[in-house]
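Visitor: Provided below are the primary sequence and the corresponding predicted coordinates.
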Amino acid sequence: MAEEQKKRKKRKTATKAAASIGPMVKESITSTIRAREEGKQKIAYTFIVCQHDEILRAMDIVPVWTENYSGICGAKRDAERFLQRAESLGFSRSLCTYALCGLGFDQWREELGEMPPDAPWGGQVRPDFMISSGQILCDPRSKWYQAAQQFMPDVPIYNIDLPYPLFDPKRDHREVWGYYHRYIVKELRGLVSFLEEQTGKKMDYDRLRELVDLGDRTWNLIHETYELRRAVPCPMGTGDAMNTMVPMCFMMGTQEAYDFYLDLNKELKEKIARGEGEVEEEKYRLLWGGGLPAWYALNDFNYFNSKGASFPAETTYRMVVPLYEMDIPETNDPIEHLAWRWLGYWTFWYEKARKRPGSEPDVERLIQYIEDYKIDGVVMHEAFSCRTWHVGLIWQLHQLAKIYKPIPVLVLGKEGKKEKKQRELPSLVLESDIIDITSYSEVDTRNKIDAFIETLESLRRARAA
Amino acid sequence: MNKQSKGMAKVERYYENYGSRARELSAEGKKVIGYVCSFAPLEMITASGCIPFRLRGDIHEPITKGDTLLETIVCPYYRSCFDLAVKHRYEFLSGMVIPHACDSMVRSFSVWSYSLNLPYFQFVNTPSVVKDSSFEFFNEELKTYKKSLEEFVGKKITDDDLAGAIQLHNENRNKARAVYEFRKPDPPLITGQELAKTLLACSSLPIEESNRLLDEVLEEVGQRKKSPLGKGPRILIDGACIDNAELAGLVEDLGASVVADTICNGSRDYWPKVDEKKPPIEALADRYLDKLNCPKTYRENKTGNFEEDIKARFADIGFTAKEFQVDGAIIYLYRYCDPFGFEVPARKAYYELIHVPLLHLEDLYSAGTIGQLRTRIQAFLEMIG
Amino acid sequence: MVWVMGIDIGSAFSKGVLLKDKEVHGYFECPSGGDFALTSERIKKGLLSGADLSEQDIVYTLATGFGSQMVGYADEVKTDISCHAKGIHHFFTTARTGIDIGDLYSKVFRMDENGNVINFVLSGKCAGGSGRIFQVIAKVLQVKVEDMGPLSLKSKKRVDFSTGCAVFAESEAISRIAEGVSKEDLLAGIHRALAAQLHSMAERVILEKDLVMVGGGARDAGLVRAMEEITGYSVLVPPQPHMTAALGAALLALDSLEDRKSP
Amino acid sequence: MEYYAGIDIGSTMTKAVILAEEIVASVIGPTGPEHRRLANKVMEEALRRAGLALESITYIISTGYGRINVPFADKQVTEISCHARGVGSLFPQARTVIDIGGQDSKAITIDANGRPTNFIMNDKCAAGSGRFIEVIADSLGVKLEEMGDISLRSTHPAKISNICTIWAQQEVAARLAEGVPVPDLVAGIHEALADRVARMAKRLKVEKEVVLTGGGAKNKGLLKALSEQLGCEILVPPEPLITGALGAALLGKDIVQKALKSGKRPETKKRTLEEAKLH
Ligand SMILES: Nc1ncnc2c1ncn2[C@@H]1O[C@H](COP(=O)(O)OP(=O)(O)O)[C@@H](O)[C@H]1O
Ligand SMILES: Nc1ncnc2c1ncn2[C@@H]1O[C@H](COP(=O)(O)OP(=O)(O)O)[C@@H](O)[C@H]1O
Ligand code: SF4
Ligand code: SF4
Ligand code: SF4
């Protein structure tokens, strides 16, 4: 059966850009293996969304994004053997399966002294050092590499503590973010010294400034490009966005990433001009409202598409807003800027949330997308192994329901009279995992999708009536 | 029930009727502030004139309402606490403090605060690394925390208030540590169950009352001539938040004695003290950042060697095992507990290093699993016996 | 005169409803067995022969349920959520939340004032929270499934039931009985446990009055009572609650015919 | 002559062994609801077969799921130690024991003396136990004893995609209707269970020799599937069901001999063959 599953067809993408991602990821993995062989650059294990991409690039470090590799194993439906290995070491299956897959893989590679047999895309190379990023994002980010040191005790770790203030409806976060900023700046400077020590090179701050500028421009470009998806019909859906996230997450601060989004931008504009949507006849516009995807089941997006449902927006892997809309202080120091970027990213919706009693930043974000993208329904994915992105989803849906209820939608009634109707958004919560395929059932998932589509359909009719 | 009961009888009463005293005090107009984890700086609550109260779950109560608001991928202990809270078991609370300890806590913070809707709700963002910069940050964070309490009670918290609270809490820790001494004889003079109940009862009381209760327990147990237990293997319980005496009871039912622990509702919380010589905020930062030994706090491996690393990280386990002459250890963890879950292999390796046999149990938080635990624990005791 | 059929092939029982214009003209039910294609033929025959009709007389058939794909003669297939909602709306226009306790799955859905589904959840990855447990327990206690509800209502003292597994429920029930727990109390415990599970599910879509229970499990008065206790709402149950989906399917078949006529 | 008895009250089967130098008598019977109370009846039967009176038994150990309901046992020991000891005596070279019982399955690593060094068990979900096969056999109308042979006749085992026992039962019914041959389905069911057991076992270090005990070991199909999953040959005791009871009797013997060596009689209970009182 493993064979049957592996032989699944490649997912059909709506955009050429998304289709080009596969080879790009493969090349990025291969390039780390090449770098290891050549031995000229230092290789670092690290995590995405930490605002340190430009620092790594400026120091010529080759980043190995360990979540990425686990995701690849998952997408190839070949994570199970690594997960099992981690379990046999004593790690519980209830922990982050990215981490388990990575740990299982590393342990195996270290035990063999070479890549495990048939390692997907050649395997994940041994790093020279590891950069953890603990604190608020998630525990695995500070515990995973520490656990990996059991098999690689000689590989040092730098743990950047990256906090941001949690949302408090009663307090303006700007009252406290000064000392948060100071701390993060120190942490990032600490990272720079660590890298200088490891590489024996000094940081070239001019180069860093350039790269940060490039990163900023990419950030804004991504936002503008994704906003094009507001078009009806929507030219690109979340299924594709789960591919086009690659340069955003793994290549920030490179020209290549910038160029990729330039191309995507162009492609989307062309499609819009031609009136070409992700699906042939767009009936429903859905929001991917939370959760990392099940990487082995991206085909489910095509299933949605086959029913006329498109996903113009998602909250996963997205720059919240362009940087110029963020209310963060200007500075010439690139490190200080990175720290502000981090804080700005996490606190962007706070102010809005404070103004609407009972709301929450994440809920505000959903509302914004629902309105901007003319959304008919929300789909979320609850992956059992990651608390960070998957706790609070029920709550958000509850809040959303409360907030949406009173919004009256005016429709033309039977005798041509205007009537108030309540607008309610149906939602669907899919349950499985990011890469643990044993938690997934295609039959169940598709059943749920069918029922959800029927729900959308009956609402559509009700509105039309 | 006899309200005049003393010592262990009083412990039993407060344990069984958890929160009864806090409820009375709240009816008298006192403000009770709930917390859930050893990282919540209690001295600040005491200094503000409020009463710190540690929430407990209930393994006999199925989680129902809580599950309608919070995902089941949160650690079951924490879900149970939440469930009881939303079922109004802790209706006497005026506020809550939730520290940054694990993903389960951080991620469910807003769900808690909205669902309970208490006048006071504060998140204390404890850093996860120990460095100069994190001390500076944590000092600031503690000041924010202090300010929030001041606003809530409407009065300043002075350094003297803090110093007084620190002294009281240190006293409490000294007394708790003294209770542990009764575990040293073989068989121990106090059962693991009794000790667990004592510390739990204490965490439901204002600090002065807790101190008095500990005095009574010390006196009562001090008079014992004979152990309540037979001679059996001496067990250390290693784990996170174990807020009931059931596990110890089960182990002792099977013929062993629980003589040591590293748990949050035990030595992790009660042993480390605050330095009374330092300025209060700094001293608190020092205790809660560095002295509390929890996997949540990342400790750098400076040796480049796995063995040395675990020796450094888990030294306290080794000392405890030696001091209390343990024959075996049980790591008891809940599913979905990230900070501890990632350390299981390293901890296992450490126990091998110090030649203490180990049983690893991963559990849900439910009385329904006791039968399953029984067989595993009994088999383990047979293995080491 | 328009004849339509609604066919619900459930995992345990299959049900069919025959409508003449908008009137119910006949019901038919039988165990599903393993061969759904065969079962669906049986239902068709049963419905037709009961009304003395031939296949040509039926203008439209809508199938639903676990085995709906196997109904070869269906003109359309819909999920049982939509069908249940439609069926419920037929009886109770005030219904806003529906709970269906089927054999393998349970479902909770919310409806608007027109019987359109606006939100729903399905039970998880385990048969633990569905109606099957009743069959398992009925076998152990040697009582008829129909009698379990009335028995449980007589309970004086509810016992806690710890197993979530529908299979192990059997042995837990056996040992509880051996310990001297009465059938009534045991059943009340099981009903309570199941109702608690259903309640958590229901709260996920935000439970709203009126509450209606359908599916085979809704025939169990003990479960219905437990549900009322836990939610604090009174629970409505349509006549023949296990037929609701088949009825809804037939009503939806009429709607589809309408749509065809007036595109 | 000293006699030792081991009595194993399993979730499904009750087993008793009386031992001197060799096995003198053994009994295997179902654990009905009343048998949880009536361990005395099983003991009586064993004594009858051995031609012994209760007084002549030096030491009695009870084990298994219902071990606490044996009022005349001198000691209660878990199935883990008993299976380990039993297997150790039959196969001294065994290092891993896998036990598939009616309500749980477990893997135990053992040392050269038949002492457990580590173990892991699954008792939360029926899908990982012998019950899984029973439920399917029942719904197929096949005798449990025949399931193994039937599965060996399969040429293309069908993949069973549902984990839950009850859903799998449904799946089997549906596939049967589609025309999938019974042997292929049965083989698929065995593979599914073997897969779950092997996964669990792999969480320990599985070392050779591997021995399968418990009722599951009576099933050749399961044995084959499991040995494929683990990639090694698996040994089976002549009567796998009694391994636990045998181990219990042997552990009793160990206790007595140790006591005798130090010149004492072991502590035993005053015994009468009474019913257990259950609460
Ligand atoms: N009178 C009854 N009391 C309690 N449970 C019943 C009763 N009748 C049927 N059931 C339960 O209902 C389930 C079948 O419900 P049904 O809605 O027909 O399911 P499905 O459509 O999934 O086949 C069975 O599992 C059975 O246990
Ligand atoms: N002849 C047989 N063929 C196949 N399986 C069997 C046979 N006899 C017993 N079993 C299986 O063994 C199980 C009982 O095994 P046992 O080890 O006695 O378990 P327990 O100790 O839990 O009662 C039964 O549930 C059944 O699945
Ligand atoms: S955010 Fe979630 S998926 Fe990513 S590393 Fe943390 S726990 Fe794992
Ligand atoms: S047991 Fe673990 S996950 Fe649960 S509250 Fe404690 S530290 Fe957090
Ligand atoms: S626990 Fe029971 S009901 Fe649940 S999946 Fe396992 S066998 Fe099925």
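Guide: Thanks, I have the structure now. Ligands and ions are numbered 1, 2, ... in the order given.
Visitor: from here on, contacts and neighbour counts on C-alpha atoms
Guide: Noted.
Visitor: Name the residue of the stretch 151-300 of chain B that lies nearest to ligand 2.
Guide: Proximity of the stretch 151-300 of chain B to ligand 2 (Cα to the nearest ligand atom) peaks at residue B:254, 21.1 Å away.
Visitor: Ramachandran angles for that residue?
Guide: Main-chain torsions, residue B:254, degrees, to the nearest 10: phi -90, psi 10.
Visitor: Quick check, pLDDT for it.
Guide: The confidence metric pLDDT takes the value 93 at residue B:254.
Visitor: What separation is there between it and residue B:154?
Guide: 52 Å (Cα to Cα, to the nearest Å).
Visitor: cool, and residue D:185?
Guide: 72 Å.
Visitor: what about those two, which has more around it?
Guide: Using other Cα atoms under 10 Å in any protein chain shown as the criterion, residue D:185 and residue B:154 rank with residue D:185 on top: 25 against 11.
Visitor: where's residue B:183, which helix or strand?
Guide: Secondary structure assignment for residue B:183, by DSSP states H and E: no helix or strand.
Visitor: Tell me who's in contact with the residue nearest to it when sequence neighbours are not counted.
Guide: Counting by Cα to Cα, 6 or more residues apart in numbering or on different chains, residue B:183 lies nearest to residue B:259, which is 5.3 Å off, once chain neighbours are set aside. For residue B:259, the contact set (Cα atoms under 8 Å, 6 or more residues apart in numbering or on different chains) comprises B:183, B:184, B:188, B:191, B:192, B:234, B:235, B:236, B:324, B:326.
Visitor: So the last one: helix, strand or coil?
Guide: Translated: residue B:326. coil (DSSP: H, G, I helix; E, B strand; the rest coil).
Visitor: To what extent is it buried, counted in neighbours?
Guide: Residue B:326: 21 neighbours (other Cα under 10 Å).
Visitor: which phi and psi does it have?
Guide: Torsion angles, degrees, to the nearest 10, at residue B:326: phi -90, psi 150.
Visitor: Against residue D:253, how distant is the closest residue in space to it that isn't next to it in sequence?
Guide: Leaving aside its sequence neighbours, residue B:326 sits nearest to residue B:234 (Cα to Cα, 6+ apart; 4.8 Å). Distance, residue B:234 to residue D:253, by Cα to Cα: 26 Å.
Visitor: ditto for residue A:387
Guide: 52 Å.
Visitor: Give me the more crowded residue out of these two.
Guide: Between residue A:387 and residue D:253, residue A:387 has the larger neighbour count (other Cα under 10 Å), namely 31 against 24.
Visitor: my read: that one touches residue B:103, true?
Guide: Yes. Counting by Cα atoms under 8 Å, residue A:387 does reach residue B:103; the two are 6.3 Å apart.
Visitor: wait, what's in contact with the spatially most central residue of chain D?
Guide: The structure's chain D has its C-alpha centroid closest to residue D:214; by Cα atoms, centre = their mean the separation is 2.5 Å. Contact analysis of residue D:214 by Cα under 8 Å, 6+ apart lists D:99, D:100, D:101, D:240, D:241, D:242, D:243, D:244.
Visitor: Of those, which is the nearest to residue B:64?
Guide: Using Cα to Cα, residue D:101 comes nearest to residue B:64 of the contacts of residue D:214, at 32.5 Å.
Visitor: I'd guessed that closest one sits against residue D:128; true?
Guide: No. Taking contacts as Cα under 8 Å, residue D:101 lies outside contact range of residue D:128: 9.6 Å.
Visitor: the more surrounded of these two?
Guide: Taking other Cα under 10 Å, residue D:101 and residue D:128 do not tie; residue D:128 has more neighbours (29 against 23).
Visitor: Which pLDDT value belongs to the more buried one?
Guide: 90.
Visitor: and the gap between the closest residue to residue A:372 other than its chain neighbours and residue A:194?
Guide: Nearest residue to residue A:372, sequence neighbours excluded (Cα to Cα, 6+ apart): residue A:230, at 6.9 Å. Computed as Cα to Cα, the residue A:230 to residue A:194 distance reads 43 Å.
Visitor: what's the answer for residue A:384, then?
Guide: For residue A:384, the distance to residue A:194 equals 35 Å [Cα to Cα].
Visitor: Pick out whichever of the two has more residues nearby.
Guide: residue A:384 (24 against 17).
Visitor: so who does the more buried one touch?
Guide: A:94, A:390, A:431, A:432, A:433, B:73.
Visitor: Give me the phi and psi for the third one.
Guide: Looking back up the chat, that one is residue A:431. Taking degrees, to the nearest 10 as the convention, residue A:431 sits at phi -120, psi 120.
Visitor: Quick one: neighbours of it, just the number.
Guide: As a burial measure, residue A:431 scores 20 neighbours (other Cα under 10 Å).
Visitor: That one is in contact with residue A:379, isn't it?
Guide: No. Between residue A:431 and residue A:379 there is no contact under Cα under 8 Å: 10.9 Å.
Visitor: residues in contact with the closest residue to ligand 1 within the stretch 1-150 of chain D?
Guide: With Cα to the nearest ligand atom as the measure, residue D:139 is the residue of the stretch 1-150 of chain D nearest to ligand 1, at 15.0 Å. Counting by Cα under 8 Å, 6+ apart, residue D:139 touches residue D:169.
Visitor: now it: how far from ligand 2?
Guide: 14 Å (Cα to the nearest ligand atom, to the nearest Å).
Visitor: Okay, that residue and residue D:170: tell me how far apart.
Guide: Relative to residue D:170, and taking Cα to Cα, residue D:139 is found at 9 Å.
Visitor: show me where chain A has strands.
Guide: In chain A, the segments counted as strands under DSSP state E are A:43-46, A:62-65, A:129-133, A:157-160, A:284-290, A:309-314, A:377-383, A:408-412, A:418-422, A:427-432.
Visitor: Name the nearest residue to the residue of the stretch 151-279 of chain D found nearest ligand 3, sequence neighbours excluded.
Guide: Taking Cα to the nearest ligand atom, ligand 3 has its nearest neighbour within the stretch 151-279 of chain D at residue D:203, 21.8 Å off. Leaving aside its sequence neighbours, residue D:203 sits nearest to residue A:88 (Cα to Cα, 6+ apart; 3.6 Å).
Visitor: And for the one you found, the neighbour number?
Guide: Around residue A:88 there are 19 residues (other Cα under 10 Å).
Visitor: show me where pLDDT drops low in the chain?
Guide: Using chain A here. A:1-10, A:404-423, A:465 (pLDDT under 70).
Visitor: looking at chain B here, not the other one
Guide: By pLDDT under 70, the low-scoring segments of chain B are B:1-3.
Visitor: Which parts of it are strands?
Guide: Using DSSP E, strands in chain B cover B:32-35, B:51-54, B:95-99, B:120-124, B:234-239, B:257-261, B:328-334, B:358-363.
Visitor: One more: the stretch 51-200 of chain C?
Guide: Using DSSP state E, counting those that start in this stretch, the strands assigned to the stretch 51-200 of chain C run over residues C:58-64, C:76-77, C:97-101, C:106-111, C:117-122.
Visitor: Name every strand pairing with the second one and say which way it goes.
Guide: Think strand C:76-77. Strand pairing for strand C:76-77, using DSSP bridges, gives strand C:58-64 (parallel).
Visitor: Much appreciated, bye for now.
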